[in-house]
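**Q** Test case, fold it:
(one chain, ligands or ions: 1)
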Amino acid sequence: MSERKPIEAWLTDMDGVLVQEGVPIPGAAEFLGKLKSSGKPFLVLTNNSIYTARDLKARLMRMGLDVPVESIWTSALATAQFVDDQRPGGSAFVIGEAGLTTALHDVGYIMTDVDPDFVILGETREYSFQALTKAIRLIGNGARFLATNPDETGPSAEGPLPATGSVAALIKAATGKEPYFVGKPNPLMMRTGLNRIGAHSEVAAMIGDRMDTDVLAGLEAGMETFLVLSGLTRQADVDKYPFRPTHTRASIAELVDLV
Ligand SMILES: [Mg+2]
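**A** The predicted structure follows:
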């Protein structure tokens, strides 16, 4: 195996790595504290597109985790960056919450249901039949179909919730058009994140609790990868994949000394 260079920048997934069901994972506060004092660039990533970075900062703060707003990178922010690169100053019909609409406004996008460049689907708490009908007709008329993330379900205390990927499947069935998913495992979300903090993939590491999103995206973006077993994945699951993480650790607590 080729020698990796020392890690100069860190990307880490949020759920299952730093927090779990509203509670910080032991070691998360120490890890973030160490990162901040090291001066190394870092980002906390989430595929959830409901919240703005400011909302997420406040939610993390309530759990005792202090993450600067500029160190939060959501699939909504990555999607806004993507459309800004692709069609600057364009327009979109959006199904989503403030996390997505704020990000799009911030890159100068116009929200419209009249001949938009894109139909952009994100996570929402309510899916309206009327909005879905509108999205399907606009895509049928030529609007390009984007979705913030492919996750089919999201977690809740009562059990799984249908998420963006499931609703995207509904729109795909009705239009015959495949969406382009910007969030993990698309390595684009890693690359745009790395660009944002001025880091290079060959000296950057990605930490995550899922093989099929975090580890895959980190690997495809050319980063060193750390799988932590504090979330969804068990050690026995790792061998089921045709790829492996660079390292596997029990939790973020075992990474504090690496920063
Ligand atoms: Mg996770």
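**Q** Other residues contacting stretch 225-242?
**A** Applying C-beta atoms under 8 Å, 6 or more residues apart in numbering, the external contacts of stretch 225-242 come out as 15-17, 20, 25, 205-212, 214-215, 218-219, 244-252, 254-255. Using the backbone N, CA and C atoms, a C-beta is placed for each residue, glycine as well.
**Q** what about the residue nearest to G89 when sequence neighbours are not counted, distance to G218?
**A** Nearest non-adjacent residue to G89, counting by C-beta to C-beta, 6 or more residues apart in numbering: G108, 5.4 Å away. Taking C-beta to C-beta, to the nearest Å as the measure, G108 falls 31 Å from G218.
**Q** more neighbours, these two?
**A** A side-by-side neighbour count of G108 and G218, using other C-beta atoms under 10 Å, places G218 first with 28 against 12.
**Q** my read: that one touches G208, true?
**A** Yes. Under the criterion of C-beta atoms under 8 Å, G218 makes contact with G208 at 6.9 Å.
**Q** Could I get the contacting residues of the residue of the stretch 101-250 of the chain found nearest the ion?
**A** The ion sits closest to D209 of the stretch 101-250 of the chain, with a gap of 4.4 Å, by C-beta to the ion. Residues near D209 by C-beta under 8 Å, 6+ apart: D13, D15, G16, V17, L227, V228, L229, S230, G231, L232, T233.
**Q** returning to that earlier point: can you pull the phi and psi angles for the residue nearest to G89?
**A** Main-chain torsions, G108, degrees, to the nearest 10: phi 90, psi 20.
**Q** OK, now which residue of this structure is nearest to the ion?
**A** Counting by C-beta to the ion, the chain gets nearest the ion through G16, at 3.6 Å.
**Q** Around that residue, how many other residues sit close by?
**A** Residues lying near G16 (other C-beta under 10 Å) number 22.
**Q** Quick check: it touching R210?
**A** Yes. Judged on C-beta under 8 Å, G16 makes contact with R210 at a distance of 7.2 Å.
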